[in-house]
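Predicted structure and sequence below. I'll ask about it afterward.
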Amino acid sequence: MHTAHRRRIVWTALVAGAACAAVLSAQSAAYSDRIAFTAVPSANPKAPGVVVPDQLSPELREVAVAQGAHRLENGTAAVPYYGYDGDNPNLVPLPSDPTHEAHKTEPDKNTYLVVDDGLPGADPGYDYGTHFLFQGHESGTPGYLTRINLDADAAHRMTLLATQDTDGHDLPDIDGSTWDPFAHRLLFTSEGSLGGGVWQADLGVPATVQRLTGIIGQGGYEGIQNDDNGNVYIVEDSGGVVGALSPHAKQPNSFVYRLVPTERRDLTKGGVLQALQVINGDHPVTFHAGQADADILGPDTLALRTYGSSFATHWVTVHDTAVDGTAPFNANAAAKAGGATPFKRPENGQFRPDGQFGTFYFDETGDTDARSEAGSAAGGFGSVFKLEIGDKSGAGSLSLLYRGDVAHTGFDNVTFLSRNIVAFVEDAGDTLHTQRNALDSGWLLDVTADYSHGRQPVRFLAQGRDTSATIDSSSSALGNEGDNEITGIHASDGDPTARGLLGARPPSLFHDGWRLFYTRQHGDNITFEIIPA
């Protein structure tokens with residue numbers, strides 16, 4: 001390809017004393033204030049029986065830091081591997097038993113921490129180093145938490161943290177995670193509806209895990225993030241019902257929440273759970289029970305996904321532990337009753353890393369079906385929203401940054417790579433992969449750009465499909481998804497203090513300790529670190 005025909009995205013990362021360079025060099029001692037990623041021209045196609053390698057921008061490489069078949073150093077009979085349950089001795093189908101294999105557990109959102117004093121492990125005589133990557137697992141029974149010890153040898157590489165909470169209940173399947181530097185706890189989410197919610201864990205082995213469903217409620221929670229005041233923002237992924245006139249589109253049914261804790265150093269003390277309410281003209285945008293078609297294609301749905309429009313927002317209280325107590329409650333139902341605004345499966349969000357914690361970007365996955373009657377205009381292919389948090393009274397604003405289409409849809413995990421450049425990765429699902437003959441991609445958006453006139457995100461990763469996922473795709477009897485979803489995209493320097501909150505500082509990607517990870521979910525369940533070429 002001629003250089004003139006290459007699409008590039010260039011951004012500025014504000015780092016004092018940095019030198020300009022066109023391409024990031026892994027050997028360079030000085031940080032470049034210009035990083036160029038050449039766009040990957042197309043998604044990888046999906047073809048029966050064909051294994052496809054990942055494609056990254058040529059300035060990037062990926063290095064495996066964990067693989068599903070890697071044994072946990074302290075695994076159990078039920079949970080022996082990083083990415084497989086112990087329900088079958090075979091990790092791949094055998095000719096003599098072609099429809100059975102161990103269930104894949106799908107490690108999900110990654111959280112990176114650097115702990116200077118180190119952390120304990122299953123082997124009291126071993127030094128596990130200082131660099132750790134945490135995740136929960138999205139599938140299987142029981143749910144469980146793991147830690148990748150990035151400095152450790154193979155025998156100590158993967159540690160099982162927990163399979164139960166302090167009440168003796170098995171953990172649910174886990175989706176999101178983050179580190180709360182005020183409570184000194186890992187926060188994990190589960191999108192299991194009334195089985196879902198938020199759990200917190202310390203850094204011990206085994207970890208002490210506590211349910212917070214009486215404080216933050218039960219719901220289809222996925223994205224989770226702190227601000228600098230210790231408030232906890234939660235993004236819900238709860239699919240709605242399809243309409244009678246729109247059988248391939250779902251009613252907006254998910255909410256964006258904020259917990260204002262009573263004591264930020266201890267979330268078990270309770271607090272006030274709020275949900276986002278958006279005002280369209282003279283009325284709030286709310287959920288209408290039994291009116292799926294009206295909500296799917298209604299004027300409010302269309303208005304929120306119109307470029308150039310801005311809408312006032314408020315936070316409505318849906319639960320207050322001082323008044324309502326600490327019994328588990330249905331947060332989704334409480335948000336509907338409180339007049340909060342539903343969205344089309346918003347999965348994750350993150351604050352713009354300018355230190356202000358005033359601007360929060362979150363995505364919608366949409367319907368993940370090319371036949372969606374909602375189309376692009378009504379959010380059938382997802383959206384990226386900009387939420388200005390506003391003043392202490394809760395008054396803010398919502399506007400559209402980007403509206404998806406069939407080629408750019410199913411946005412799920414998110415991370416900022418610089419002050420202005422944010423990465424969203426797809427979970428389009430196997431139905432849509434087949435419909436568009438294209439596997440998932442990772443995209444870069446500029447939050448200062450105008451996407452209303454046809455400008456599109458830049459693809460930095462075209463996900464392939466490994467052997468295990470290709471085998472899974474050939475037989476529904478195996479019970480595993482037949483694709484490789486991109487998940488857990490995470491850029492961080494691992495600072496466990498409030499200074500390390502995502503949003504506190506612009507990333508210095510690949511410099512000053514900033515690292516980038518993601519997991520190629522399903523199939524072989526490999527977690528990668530992305531490094532400069």
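Thanks, I have the structure now.

make it CA atoms for all contacts and neighbour counts henceforth
Fine.

Next, the contact list for D116, please.
Counting by CA atoms under 8 Å, 6 or more residues apart in numbering, D116 touches T130.

Find the residue ranges of this protein scoring beneath the pLDDT cut-off.
The model of the chain has pLDDT under 70 over residues 1-36.

Try it again at 90.
Counting by pLDDT under 90, the ranges of the chain that qualify are 1-36, 47-48, 92-101, 192-195, 390-394, 430, 471-483.

can you give me the helices for it?
Secondary structure of the chain by DSSP state H: the helices cover 292-297, 299-304, 321-324, 331-337, 429-436, 467-474.

Can I get these in JSON lines including distance to D175 and mean neighbour count?
Shown next, in JSON lines, are those (distance: least, CA to CA, whole Å; neighbours: other CA atoms under 10 Å):
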{"stretch": "helix 292-297", "distance to D175": "26", "mean neighbour count": "22"}
{"stretch": "helix 299-304", "distance to D175": "27", "mean neighbour count": "19"}
{"stretch": "helix 321-324", "distance to D175": "25", "mean neighbour count": "13"}
{"stretch": "helix 331-337", "distance to D175": "17", "mean neighbour count": "21"}
{"stretch": "helix 429-436", "distance to D175": "16", "mean neighbour count": "17"}
{"stretch": "helix 467-474", "distance to D175": "20", "mean neighbour count": "21"}
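
OK, contacts around the residue nearest the centre of the chain?
Nearest to the geometric centre of the chain sits N413, at 3.0 Å (CA atoms, centre = their mean). Taking CA under 8 Å, 6+ apart, we find N413 in contact with K109, G223, E347, N348, G349, F424, V425, E426, T487, G488, I489.

Burial check on the nearest residue to the second one once chain neighbours are set aside, number of neighbours?
In space, not counting the residues next to it along the chain, G223 is nearest to N348; the distance is 4.1 Å by CA to CA, 6 or more residues apart in numbering. Applying other CA atoms under 10 Å, we find 28 residues neighbouring N348.

Roughly how far does N348 sit from Q225?
N348 sits 9 Å away from Q225, going by CA to CA, to the nearest Å.

now do D87
D87 is 34 Å from Q225, by CA to CA.

Comparing these two, which shows the higher neighbour count?
More neighbours surround Q225 than the other of D87 and Q225, with 25 against 18 (other CA under 10 Å).

Quick check, that one in contact with Q350.
Yes. If you go by CA atoms under 8 Å, Q225 and Q350 touch, sitting 6.8 Å apart.

so what sits against both of these two?
Counting by CA under 8 Å, 6+ apart, the shared contacts of Q225 and Q350 are L502.

Tell me how many other residues crowd P284.
For P284, the neighbour count with other CA under 10 Å is 18.

Tell me who's in contact with it.
P284 is in contact with Q277, V278, G339, A340, T341, counting by CA under 8 Å, 6+ apart.

biggest separation within the residues you listed, which pair?
Spanning the widest gap among those are V278 and G339, at 9.4 Å by CA to CA.

Please identify which of these two sits among more neighbours.
Each of V278 and G339 has its neighbours counted (other CA under 10 Å); V278 has more, 25 against 21.

I figured that one was touching F343, is that so?
No. Applying CA under 8 Å as the test, V278 and F343 come out as separate, 10.5 Å apart.

my guess is V114 contacts F132, does it?
Yes. Counting by CA under 8 Å, V114 sits close enough to F132 to count as a contact (6.3 Å).

Please identify which of these two sits among more neighbours.
Counted by other CA under 10 Å, V114 and F132 do not tie: F132 has more neighbours, with 22 against 18.

quick one: that one and E73, what's the gap?
For F132, the distance to E73 (CA to CA) stands at 15 Å.

same deal with R459?
37 Å.

So between the two, which is more surrounded?
Ranked by neighbour count (other CA under 10 Å), R459 and E73 place R459 first, with 28 against 19.

Just grab the bridge partners of the nearest residue to that one once chain neighbours are set aside for me.
Using CA to CA, 6+ apart and skipping the chain neighbours, the partner closest in space to R459 is W443 (4.5 Å). According to DSSP bridges, the residues that bridge with W443 are F424, R459.

now the strands for the stretch 51-200 of the chain?
Under the criterion DSSP state E, counting those that start in this stretch, the stretch 51-200 of the chain carries strands at the ranges 55-56, 60-66, 111-114, 131-136, 145-149, 158-162, 177-180, 185-190, 197-201.

export the fifth one as CSV, just CAs?
If I follow you right, that is strand 145-149. C-alpha atoms of strand 145-149 as CSV (Å, rounded to 0.1, in the frame of the first residue of the first chain):
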residue,chain,number,x,y,z
LEU,A,145,-11.6,-14.0,40.3
THR,A,146,-8.0,-14.4,39.1
ARG,A,147,-4.7,-12.5,39.3
ILE,A,148,-2.0,-12.6,36.6
ASN,A,149,1.4,-12.2,38.3
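
That one: how far from the chain's middle?
With CA atoms, centre = their mean, to the nearest Å as the basis, strand 145-149 stands 17 Å off its chain's centre.

In its sheet, which strands sit next to it, and in what direction?
In the sheet, strand 145-149 lines up against strand 131-136 (antiparallel), strand 158-162 (antiparallel) (DSSP bridges).

what's the spacing between the first one and its chain's center?
Spelled out, that is strand 131-136. Mean-position distance between strand 131-136 and its chain equals 14 Å (CA atoms, centre = their mean).

Strand 60-66 and that one, what's the angle between them?
Computed by axes from the mean of the first three to the mean of the last three CA atoms, to 10 degrees, the angle separating strand 131-136 from strand 60-66 equals 70 degrees.

Between strand 185-190 and strand 131-136, find me the angle.
Calculated by the same axes, to 10 degrees, strand 131-136 forms an angle of 30 degrees with strand 185-190.

Name the residues that touch strand 131-136?
In contact with strand 131-136 (CA under 8 Å, 6+ apart) are residues 107-115, 118, 143-151, 173-177, 188, 494.

Please list only the buried members of the residues you listed.
107-114, 143-150, 173-177, 188, 494 (16 or more other CA atoms under 10 Å).

ok, now which ones touch G390?
G358, G396, S397.

one more time with 7 Å
G358, G396 (CA atoms under 7 Å, 6 or more residues apart in numbering).

and the gap between it and S309?
According to CA to CA, G390 stands 17 Å off from S309.

N332 too?
Going from N332 to S309 by CA to CA gives 27 Å.

same deal with G339?
The gap separating G339 from S309 is 21 Å, by CA to CA.

Same question for G396.
For G396 relative to S309 (CA to CA), the value is 14 Å.

between those two, who's got more neighbours?
G396 (21 against 12).

Report the beta-bridge partners for that one.
With DSSP bridges as the rule, G396 is bridged to T313.

show me the contacts for it.
If you count contacts by CA under 7 Å, 6+ apart, then G396 has A312, T313, H314, E388, I389, G390 around it.

swap the cut-off to 6 Å and go again
By CA atoms under 6 Å, 6 or more residues apart in numbering, the contact set of G396 is A312, T313, E388, I389, G390.

Pull out the buried residues from those.
The neighbour-count criterion (16+ other CA under 10 Å) marks A312, T313, E388, I389 among the contacts of G396 as buried.
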